[in-house]
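Chemist: Need coordinates for the below:
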Amino acid sequence: MSADGGPGADAVTGPGPVTVEIEDICGPATFRRLPEALAATWEALRLLPLGAVQAGAFRHFLTHPEVDRLVRESIRREGRLSLAFRLDGRVHCVRIGLAGTPPPP
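Modeler: Predicted coordinates:
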């Protein structure tokens, strides 16, 4: 996953940096805007050998027309969005949140 961090407004309400991490797969990457982060997240996940159901669920969510709004609401409410998937017998977490903020407890 490639990133392009930079200054900007709060990513939840408009342009601004967002950090994405795919646990044990891709380290944290910062993107200028949430739509860029979501597109890169889907591109990274679709390359993994996920089962058909998991891949379909991520595709459905990350390419949904309302995904920006849904993720912004989750970040506003919970501090970040966390989604899990199983790969090679382990659970991995996708985390999306505002850059420069510590993860919630």
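Chemist: mind checking how far the residue of the chain positioned farthest from its centre is from Arg95?
Modeler: Of all residues in the chain, Gly89 has its C-alpha farthest from the mean position, at 21.6 Å, by CA atoms, centre = their mean. Between Gly89 and Arg95 the computed distance is 21 Å (CB to CB, to the nearest Å). Heads up, the C-betas are built off the backbone N, CA and C, glycines and all.
Chemist: Now do the buried residues in stretch 59-70.
Modeler: When burial is assessed from 16 or more other CB atoms under 10 Å, stretch 59-70 yields the following buried residues: 61-62, 67.
Chemist: Actually, stretch 41-56.
Modeler: 41-42, 44-45, 50, 54.
Chemist: And that stretch, end to end?
Modeler: Start and end residues of stretch 41-56 are separated by 14 Å (CA to CA, to the nearest Å).
Chemist: And the contacts of that stretch?
Modeler: Outside stretch 41-56, the residues within contact range by CB atoms under 8 Å, 6 or more residues apart in numbering are 1, 20, 22, 25-26, 58-59, 62-63, 85-87, 94, 96.
Chemist: How about stretch 58-68?
Modeler: Outside stretch 58-68, the residues touching it (CB under 8 Å, 6+ apart) are 34-35, 38-39, 41-42, 45-46, 50, 70, 83, 85.
Chemist: Over to stretch 86-105?
Modeler: Outside stretch 86-105, the residues within contact range by CB under 8 Å, 6+ apart are 5, 10-12, 16-25, 30, 34, 37-38, 41, 45, 48-50, 54, 71, 75, 78-85.
Chemist: Emit the PyMOL select command for whichever of these are buried.
Modeler: Selecting the buried subset of the contacts of stretch 86-105 in PyMOL, with 16+ other CB under 10 Å as the burial test, is done by:
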select buried, resi 11+12+16+17+18+19+20+21+22+25+30+34+37+38+41+45+50+54+71+75+80+81+82+83+85
